[in-house]
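1. this one's sequence-less:
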């Protein structure tokens with residue numbers, strides 16, 4: 001929803017979009033409802049988000065994608081939306097709260 005709304009803005013343009021641990025759980029809805037949740041729609045929320053981020057990038061608005069939880073990474077829990085990872089600056093963070101060297105892992109992928 002945030003990506004879609006940001007892509008619709010005309011004036012002023014956003015300076016950037018930051019997505020914090022986005023979770024796309026479309027395939028979970030099909031199990032709960034016993035039918036496709038996208039009947040009558042053109043695409044899923046994960047595809048819509050990718051399209052909105054592309055539209056923003058075409059207007060020189062960068063997107064930051066932060067992933068730090070299993071919810072946004074696991075295929076069992078949700079759609080990790082790998083396509084979105086290729087459209088934004090991806091920051092993956094694995095918290096190790098018990099480690100003295102906290103934060104220990106910070107990965108930037110361009």
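-> Arrived safely, thanks for sending. It should be emphasised that the depicted structure is a prediction, and the values quoted were computed from it without experimental measurement.

2. Quick one: the helices in the chain, in order.
-> For the chain, the helices defined by DSSP state H occupy 2-8, 26-33, 45-58, 70-73, 82-85.

3. Pick the most deeply packed of the ones you listed.
-> Each of the helices of the chain was assessed for mean neighbour count using mean count of other C-beta atoms under 10 Å. The highest is helix 45-58, with a mean of 19. Where you see a C-beta, it was placed from the backbone N, CA and C, and this is true even at glycine.

4. For that helix, name the packing helices and strands.
-> In terms of contacts (3 or more C-beta pairs under 8 Å, 6 or more residues apart in numbering; DSSP states H and E), helix 45-58 is packed against helix 2-8, strand 17-20, strand 63-67, helix 82-85.

5. Can you give the contact residues for that helix?
-> 3-4, 6-7, 14, 17, 19, 22, 24, 26, 43, 62-63, 79, 81, 83-84, 87-88 (C-beta atoms under 8 Å, 6 or more residues apart in numbering).

6. rerun that using 6 Å as the cut-off
-> For helix 45-58, contacts defined as C-beta atoms under 6 Å, 6 or more residues apart in numbering pick out 3-4, 7, 24, 63, 79, 81, 83-84, 87-88.

7. All good on my end, thank you.
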